[in-house]
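Novice: Sharing a model prediction with you, sequence too.
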Number of protein chains: 2
Amino acid sequence: MIFSSKLIEDAVMAFSKLPGVGKKTALRMVLQLLKMDKESVLTFTDALSRMRNEITFCKTCHNVADKEICNICDNPSRNQGLICIVESIRDVIAIESTQQYNGVYHLLGGILSPLDGIGPEQLTIQSLVDRVKQYKADELIMALSPTIEGDTTVYYIAKQLHGQAVNISTIARGIAFGGELEYADEMTLARSIAKRLPIENYISVANMQNK
Amino acid sequence: MIFSSKLIEDAVMAFSKLPGVGKKTALRMVLQLLKMDKESVLTFTDALSRMRNEITFCKTCHNVADKEICNICDNPSRNQGLICIVESIRDVIAIESTQQYNGVYHLLGGILSPLDGIGPEQLTIQSLVDRVKQYKADELIMALSPTIEGDTTVYYIAKQLHGQAVNISTIARGIAFGGELEYADEMTLARSIAKRLPIENYISVANMQNK
């Protein structure tokens, strides 16, 4: 693509650094900004640069935060003794969007993966162990990827917490609500039959969804 | 989607104003900016705000420009007597990217469309007529949409230039290079047979492509 304006070219190059944005898409975005009035574009660029410059990471859970402690850890109406262990901020947004979880989080920053050079020191596992000891957490819910690396991480954390009076659970896995049996993978289907629930549980879960 | 950080939320909302960007894509973009160092993000936002604040429109051809006259109109090695009439900046970028055209452009800013309230006053037609008279242009190449509105616009411009010593042509339409006959629409195929070219023309065009 050849641009007759250096300003347009720079803006297109900037957008095409974003994931999934090619030059044609970047050009569409630039032309959209050209259509917007100058004040809206200022609001746009301001939101991005403020986000990058002012964001911090919560000292307790390592989530992104606007101040030293994030809104979730800072909220007295949330159960600080129930900690959900996740990999990244995406998982927090997904769980928060259900509006069903009232505990807090701990972001590991990834999962153990020796091949990629990610050991316990690269993750926030020690911080989690300290947190459990210091704040006497009641329960940890492991919400990590259902892969060998995820399972290894769960096992490693459980080992580090041996002797602590804390319950460890993992999120339920099975056929999704609205999911069709014929499209489920064999492992999920097999495990969802093996780990079947009494009908009372099913009804209470369904009620929660309809609340 | 529920965000625990206002900074992240504002940035996601900013990105989701762009065309074709939903909230999930916007979040991916925001997380990408978070991974970049602060200086790169500054370069990014700077390119966008400079583009919006400093861009002007060329007084001659109405293309976007970094100064009063755009790079193309300002280039003495380009044929200022050959003017390609297009709708928008996208068309200029597409033609420039072929690296085969050595004339200049005139951007109409759209095409005549009475139903959408676009008459000759909303476009830069008068400016084109003045330009042709003042600079004694040799040829105008019409590169507008092959629609009723496009044809009306071509006809209207030709009428306005009646009596001027200027040739008016339109870009060739037909089956694309590499296009398969069976997938071409009937009108294109019928016209490309009716307006067939002598084989010498075909060879010279093919050579130009391989240059």
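Specialist: Sure thing, it's come through.
Novice: Closest to the centroid, which residue in chain A?
Specialist: Centroid check for chain A by CA atoms, centre = their mean gives residue A:91 as the closest residue, at 2.0 Å.
Novice: which SS class is it?
Specialist: Following DSSP: H, G, I helix; E, B strand; the rest coil, residue A:91 is assigned to helix.
Novice: Show the model's pLDDT score for it.
Specialist: On the pLDDT scale, residue A:91 is placed at 93.
Novice: contacting residues for it?
Specialist: By CB atoms under 8 Å, 6 or more residues apart in numbering or on different chains, the residues touching residue A:91 are A:107, A:143. Every residue, glycine included, has its C-beta placed from N, CA and C.
Novice: I'd like to know how far it sits from residue A:70.
Specialist: Computed as CB to CB, to the nearest Å, the residue A:91 to residue A:70 distance reads 14 Å.
Novice: repeat for residue A:179
Specialist: Computed as CB to CB, the residue A:179 to residue A:70 distance reads 33 Å.
Novice: who has more neighbours, the two?
Specialist: Taking neighbours as other CB atoms under 10 Å in any protein chain shown, residue A:179 and residue A:70 compare with residue A:70 leading, 25 against 13.
Novice: Just give the closest residue to the more buried one, not the sequence neighbours.
Specialist: residue A:58 (3.7 Å; CB to CB, 6 or more residues apart in numbering or on different chains).
Novice: try residue A:68
Specialist: Closest residue to residue A:68 apart from its sequence neighbours, by CB to CB, 6+ apart: residue A:59 at 5.8 Å.
Novice: ok, now residue A:12?
Specialist: Ranked by CB to CB, 6+ apart and with sequence neighbours excluded, the top spatial neighbour of residue A:12 is residue A:26, at 4.5 Å.
Novice: Any regions of chain A where pLDDT drops low?
Specialist: A:201-211 (pLDDT under 70).
Novice: And the helices in it?
Specialist: A:6-15, A:23-35, A:38-54, A:89-96, A:125-135, A:148-160, A:186-194, A:199-210 (DSSP state H).
Novice: Figure out which of the ones you listed is closest to residue B:52.
Specialist: Checking the helices of chain A against residue B:52 by CB to CB gives helix A:38-54 as the closest, at 4.2 Å.
Novice: count of neighbours near the nearest residue to residue A:173 once chain neighbours are set aside?
Specialist: Sequence neighbours aside, residue A:146 is the residue nearest to residue A:173 in space, at 6.1 Å (criterion: CB to CB, 6+ apart). When neighbours are defined as other CB under 10 Å, residue A:146 has 12 of them.
Novice: Count the residues that sit near residue A:88.
Specialist: So residue A:88, with other CB under 10 Å, has 16 neighbours.
Novice: Which residues are in contact with it?
Specialist: A:107, A:109, A:110.
Novice: again, only this time at 7 Å
Specialist: residue A:107 (CB atoms under 7 Å, 6 or more residues apart in numbering or on different chains).
Novice: again with residue A:10
Specialist: B:47, B:51.
Novice: just to revisit the earlier point, any idea which of the helices of chain A is most buried?
Specialist: helix A:6-15 (a mean of 21; mean count of other CB atoms under 10 Å in any protein chain shown).
Novice: I'd like the distance from that one to the chain centre, please.
Specialist: Relative to its chain's centre, helix A:6-15 lies at 32 Å (CA atoms, centre = their mean, to the nearest Å).
Novice: Next, the residue nearest to residue A:70: phi, psi?
Specialist: Reported as degrees, to the nearest 10, the phi and psi values for residue A:58 are phi -60, psi 130.
Novice: That one: neighbour count?
Specialist: The number of residues near residue A:58, taken as other CB under 10 Å, comes to 24.
Novice: That one and residue A:197, how far apart?
Specialist: On the measure of CB to CB, residue A:58 and residue A:197 end up 35 Å apart.
Novice: cool, and residue A:175?
Specialist: 12 Å.
Novice: Could you chop chain A up by domain?
Specialist: Split into domains by automatic domain parsing, chain A comes to A:6-38, A:77-210.
Novice: now do the same end-to-end measure for the shortest one.
Specialist: The straight-line separation of the ends of domain A:6-38 (CA to CA, to the nearest Å) is 19 Å.
Novice: now that domain, how far from the chain's geometric center?
Specialist: 28 Å.
Novice: now do the longest one
Specialist: Computed by CA atoms, centre = their mean, the chain-centroid distance of domain A:77-210 equals 11 Å.
Novice: Look up how far residue A:118 lies from residue A:85.
Specialist: If you go by CB to CB, the gap between residue A:85 and residue A:118 works out to 16 Å.
Novice: Neighbour count: the two, which is higher?
Specialist: residue A:85 (23 against 17).
Novice: thinking that one is in contact with residue A:108, fair?
Specialist: Yes: applying CB atoms under 7 Å, one finds residue A:85 in contact with residue A:108, separated by 6.4 Å.
Novice: Could you name every residue contacting both of the two?
Specialist: In contact with both residue A:85 and residue A:108: no residue, using CB under 7 Å, 6+ apart.
Novice: What is the burial count for residue A:175?
Specialist: Residue A:175 has 15 neighbours, counted by other CB under 10 Å.
Novice: from what I can see it touches residue A:184, true?
Specialist: Yes: the pair formed by residue A:175 and residue A:184 meets the contact definition of CB under 7 Å, at 5.3 Å.
Novice: any residues touching stretch A:39-50, and which ones?
Specialist: Here stretch A:39-50 makes contact (CB under 7 Å, 6+ apart) with A:33, B:7, B:10-11, B:14, B:17, B:33, B:41-42, B:45, B:48-49, B:52.
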